[in-house]
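Chemist: Prediction below, plus the sequence it came from.
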Amino acid sequence: MLRVEAFLLGLVVTGSVIVTPFSNPVTRASGISLPQPSHKGTVTVEEALKTRRTHRSFTSRALSLQQFSQILWSAYGVTAKVSGYNLKTVPSAGALYPIDIYAVVGYEGVETLAPSVYHYRPEGHALEHVKDGDLRVAVARHALRQMWMADAPVLLVITGEYARCSVKYGGRGIIYTHIEAGHIGQSIFLQAEAMGLKAGIVGAFRNEQIIKTLGIPQEHDPLLIMPVGFPGSET
């Protein structure tokens, strides 16, 4: 919290909040298009809510690119464009959308994708390459050595850039960003459940080490890490 407060303090100048334009954090963008998501499933919302649990055991079975696409769309995909605003699958204060989602894809984690860190671009429903390599073990170590995470084929890292919300709402922008991350987490849980997958959720990690490991912008503060994959046996 101290890091967040210091960040906001640095933005305040003579009573105004100054925000630098959001820049594209990906320098090696490859523009990988994702398959179009489905908007109709076979599991009801009520069924998904009833069976949803935090899972901590995963098999090494790869996700298909279609499954991966569906999970990302459910998390933060664009659902409509109204008055020039791209509206997404979760509510956002002032439609400011301060969240970025990074996918840590393991070796043979998603069919046809190399093991790398990818940045999800909702507006084009596409991926951009951030960093090479299977970094699941490194992420798990920085999450207080919760090594079960590394078994999941994909780790979704949900980050917040507070300035994008605080430019309008001041200090409450932090709270609104955290609320939005929670909405995203539930969307991922329910979509995974509806597809026969499982998801876990982790909030204990060393933020600075996660940022450094993934090679993402310093202002993208990690809020949640969600392993996603096919379930293993839980003891």
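Modeler: Cool, the structure landed.

Chemist: From the chain's centroid, how far away is the lengthiest helix in the chain?
Modeler: When the chain is parsed with DSSP state H, its longest helix is helix 172-194. Helix 172-194 sits 9 Å away from the centroid of its parent chain (C-alpha atoms, centre = their mean, to the nearest Å).

Chemist: need the next SSE after it, C-terminal direction.
Modeler: Using DSSP states H and E, the helix or strand that follows helix 172-194 towards the C-terminus is strand 198-199.

Chemist: Show me what that following strand is packed against.
Modeler: Judged by 3 or more C-beta pairs under 8 Å, 6 or more residues apart in numbering; DSSP states H and E, strand 198-199 is in contact with helix 172-194, strand 221-229. Placement of C-beta: from N, CA and C, glycine included.

Chemist: Show residues contacting that strand.
Modeler: Residues outside strand 198-199 that contact it (C-beta atoms under 8 Å, 6 or more residues apart in numbering) are 53-55, 58, 188-189, 192-193, 226-231.

Chemist: Give me the buried entries from these.
Modeler: Neighbour counting with 16 or more other C-beta atoms under 10 Å marks 55, 58, 188-189, 192-193, 226-231 as buried within the contacts of strand 198-199.

Chemist: which one of those residues is nearest Gly160?
Modeler: Using C-beta to C-beta, Met226 comes nearest to Gly160 of these, at 14.3 Å.

Chemist: where does the chain have low pLDDT?
Modeler: Scanning the chain for pLDDT under 70 picks out 1-30, 235.

Chemist: can you give me the strands for it?
Modeler: When secondary structure is read from DSSP state E, the chain shows strands at 12-13, 16-17, 32-33, 78-82, 85-88, 99-105, 116-121, 126-132, 154-160, 198-199, 221-229.

Chemist: if we can go back for a sec, same list, the contacts of strand 198-199, but as CSV with distance to Gln66 please.
Modeler: Output for the contacts of strand 198-199, formatted as CSV (distance: C-beta to C-beta, whole Å):
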residue, distance to Gln66
Arg53, 24
Thr54, 25
His55, 21
Phe58, 19
Ile188, 16
Phe189, 19
Ala192, 14
Glu193, 17
Met226, 19
Pro227, 19
Val228, 14
Gly229, 15
Phe230, 14
Pro231, 19
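
Chemist: which one of the residues you listed is nearest Gly77?
Modeler: Distances from Gly77 to the contacts of strand 198-199, taken by C-beta to C-beta, are shortest for Ile188, at 11.6 Å.

Chemist: quick one, what contacts the closest one?
Modeler: 71, 74-75, 156, 199, 226, 228.

Chemist: For it, give its distance to Gly31.
Modeler: Going from Ile188 to Gly31 by C-beta to C-beta, to the nearest Å gives 24 Å.

Chemist: With Asn207 instead?
Modeler: Distance, Asn207 to Gly31, using C-beta to C-beta: 28 Å.

Chemist: more neighbours, those two?
Modeler: More crowded of Asn207 and Gly31, by other C-beta atoms under 10 Å: Asn207, with 15 against 11.
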